[in-house]
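K.L.:
Next come a sequence and a model predicted from it.
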Amino acid sequence: MKSPRNTHRPYTVEISAGAWSQVARLSQERYRAIQDHLERVASLGAQAEASATFQVDELHIHYAVDARRRLVTLVDITRDKPMKTAGWSTAPKAPGL
């Protein structure tokens, strides 16, 4: 059963230890976009999913929501990998092949 004293305390946003080095490489603009999204999730409180992902440009932002601790945690930031061509070669073929 939930403690009545925790029901009105707002959710807090934090960055996991593993995500700090990823955050340090972000531009201020991207960090602000990520932070704004996580704060919106925190404002939803217990209505938010336990863990989820959202995207900012080519970055996938992974976070977790802990309703018991009233915490939204930035867990990981991954980047889309550029697509490689499917083995097509532009080199000219040798005669007879």
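P.N.:
All right, it came through fine. The structure presented is a predicted model; accordingly, all values stated were derived computationally and were not measured.
K.L.:
and the next element down the chain from the lowest-mean-pLDDT helix or strand in the chain?
P.N.:
In the chain, no helix or strand scores lower on mean pLDDT, DSSP states H and E than strand 51-56, which sits at a mean of 91. Using DSSP states H and E, the helix or strand that follows strand 51-56 in sequence is strand 59-66.
K.L.:
Need the mean per-residue confidence for that next one.
P.N.:
Mean per-residue pLDDT for strand 59-66: 94.
K.L.:
what packs against the following helix or strand past it?
P.N.:
Using DSSP H and E, the helix or strand that directly follows strand 59-66 along the chain is strand 71-79. Counting contacts by 3 or more Cβ pairs under 8 Å, 6 or more residues apart in numbering; DSSP states H and E, strand 71-79 is packed against strand 12-15, helix 20-24, helix 28-44, strand 59-66. In this view, the C-beta of every residue, glycine as well, is placed from N, C-alpha and C.
K.L.:
Same list, these, but as CSV with mean neighbour count please.
P.N.:
As requested, the helices and strands packed on strand 71-79 are exported to CSV (neighbours: other Cβ atoms under 10 Å):
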stretch, mean neighbour count
strand 12-15, 16
helix 20-24, 12
helix 28-44, 15
strand 59-66, 18
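K.L.:
Serialize those to TSV and add fields for distance to residue 73.
P.N.:
TSV is the format used below for those (distance: least, Cβ to Cβ, whole Å):
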stretch	distance to residue 73
strand 12-15	5
helix 20-24	12
helix 28-44	9
strand 59-66	5
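K.L.:
Now do the buried residues in the least confident helix or strand of the chain.
P.N.:
Using 16 or more other Cβ atoms under 10 Å as the test for burial, strand 51-56 gives residue 56.
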